[in-house]
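>>> Dropping the sequence and predicted coords here.
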Amino acid sequence: MPTLMLLLVEDNPADVFLVRESLREEGLDCDLQVADDGEQAIQFFERVDTGSQAPPDLLLLDLNVPRIGGEQVLERLRKIRQCAGIAVVVITSSESPHDRQKARDLGADEYFRKPTNLDDFMALGKLVRRLAEKRHGAVA
């Protein structure tokens with residue numbers, strides 16, 4: 001399997017660091033692109049739509065990002081033909097059952113609540129591996 005291309009939509013630098021660490025700890029070979037607000041994510045997907053940007057293998061999406069919220073990003077993603085099969089993991093601090101259901105309704109594959117301790121956050125790497133293997137077979 002070639003390198004996984006992931007798009008992370010996250011405005012908190014500490015959480016970006018933790019996501020990178022969880023992928024590294026899991027031993028995943030990833031090209032992690034980061035959009036620190038929803039507008040940057042929408043621009044990324046517009047480039048995918050025009051063919052000037054390859055679609056990511058997986059989207060890691062915080063619901064609470066500035067400028068354009070994560071829900072709108074997910075809605076836009078699901079309207080782009082080239083992105084129809086992209087796995088989406090919503091990463092959020094929200095425990096709200098409403099937010100969880102809304103993410104599912106918009107087409108999220110997984111809902112990962114940001115934990116308060118490092119060991120639990122590292123489980124994100126395992127989740128990414130499981131989704132990547134489900135869609136692409138064994139990953140490095």
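Good, I have the coordinates.
>>> only C-alpha atoms for contact and neighbour calcs from this point on.
Will do.
>>> Tell me which helix or strand the residue nearest the centre of the chain sits in.
Centroid check for the chain by CA atoms, centre = their mean gives residue 60 as the closest residue, at 1.0 Å. In this structure, residue 60 sits in strand 58-62 according to DSSP states H and E.
>>> From the contact counts, what lies against the following helix or strand past that strand?
Remark: after strand 58-62, the chain's next helix or strand is helix 70-78, criterion DSSP H and E. The contact analysis (3 or more CA pairs under 8 Å, 6 or more residues apart in numbering; DSSP states H and E) places helix 70-78 against helix 38-50.
>>> Name the residues of the helix it packs on that are buried.
38, 39, 40, 41, 42, 44, 45, 46, 48, 49 (16 or more other CA atoms under 10 Å).
>>> so the residue nearest to the centre of the chain bridges to which residues?
residue 8, residue 89 (DSSP bridges).
>>> Enumerate every residue touching residue 65.
9, 10, 11, 36, 37, 38 (CA atoms under 8 Å, 6 or more residues apart in numbering).
>>> so where's the chain uncertain?
Applying pLDDT under 70 to the chain flags residues 1-2, 136-140.
>>> which residue of it sits farthest from its center?
Most remote from the centre of the chain, using CA atoms, centre = their mean: residue 50, at 20.8 Å.
>>> how close does it sit to residue 43?
Look at residue 50 and residue 43: by CA to CA, to the nearest Å, they are 11 Å apart.
>>> go on, residue 52?
From residue 52 to residue 43 the distance is 11 Å (CA to CA).
>>> can you check residue 130 too?
Distance from residue 130 to residue 43, by CA to CA: 28 Å.
>>> cool, and residue 85?
19 Å.
>>> gap between stretch 9-23 and the chain center?
Computed by CA atoms, centre = their mean, to the nearest Å, the chain-centroid distance of stretch 9-23 equals 11 Å.
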